[in-house]
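Participant: Predicted structure and sequence below. I'll ask about it afterward.
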Amino acid sequence: MNKNILKILAFLVLIGLFATSCGSTRKTIAISEAEEAVFNETAEDTVRIASDKTEYEIIIIEPGFYTWLQSIARPEGYYSQNYLESRNAIFVMNWNQRVLMPRQFNPQLYLLQIDYNPQIDYGYEVNYKLYNYFIFFQRKYNQRLGPFLPRI
């Protein structure tokens, strides 16, 4: 056989193995009954994420989010601000990319871009609530905004 054909076949086999292994290792997220009940809420919740210091504000109108934040999310202080900022930078980048690709990602889920600059100190509360919204969103809608599972 020709060496080029062998290289192409080897490459295709590697791609096939990679695609198969990626599909088989995708883990599902375990959702508790309490969390499922929160996800099924229909009354609108409004959570304001703001920092007067930076004049930054996000308003989240999402059924169940406030309840989830108060009852299921890890409490404030559980994560360091540095951890929250690094995860938020990844989540925002992926979120904004999906907003720009409405044919590939559901435009009903990804409505607006988020203006988040990792170089700005938004404070702990803003980063905490934004991070938890991303976790809530990923778990509720079975989405992945990063390379890691959205765990509580």
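Facilitator: Done, it's in. Computed from a predicted structure; not experimentally measured.
Participant: start to end distance for stretch 40-47?
Facilitator: Start and end residues of stretch 40-47 are separated by 18 Å (Cα to Cα, to the nearest Å).
Participant: And it, what's buried?
Facilitator: 45, 47 (16 or more other Cβ atoms under 10 Å). Just so you know, the C-beta spots here come from the backbone N, C-alpha and C atoms, and that holds for glycine as well.
Participant: what's it in contact with?
Facilitator: The contact list for stretch 40-47, computed with Cβ atoms under 8 Å, 6 or more residues apart in numbering, reads 59, 60, 61, 62, 63, 64, 65, 66, 67, 69, 129, 133.
Participant: quick check: mean pLDDT across that stretch?
Facilitator: For stretch 40-47, mean pLDDT rounds to 88.
Participant: Helix or strand, whichever it is, which one in this structure has the lowest mean pLDDT?
Facilitator: Lowest on mean pLDDT, DSSP states H and E among the helices and strands of the chain sits helix 3-25, with a mean of 42.
Participant: just for this protein, where's the confidence low?
Facilitator: Along the chain, the parts satisfying pLDDT under 70 run over 1-28.
Participant: What segments of it are helices?
Facilitator: Applying DSSP state H to the chain gives helices spanning 3-25, 33-39, 65-71, 81-99, 124-141.
Participant: nearest residue to residue 116 other than its sequence neighbours?
Facilitator: Excluding its sequence neighbours, the residue lying closest to residue 116 (Cβ to Cβ, 6 or more residues apart in numbering) is residue 92, at 4.2 Å.
Participant: Cross-check the contact I'm expecting between that neighbour and residue 112.
Facilitator: No: using Cβ atoms under 8 Å, residue 92 makes no contact with residue 112, being 11.8 Å away.
Participant: Which one of the two is surrounded by more residues?
Facilitator: Each of residue 92 and residue 112 has its neighbours counted (other Cβ atoms under 10 Å); residue 92 has more, 19 against 9.
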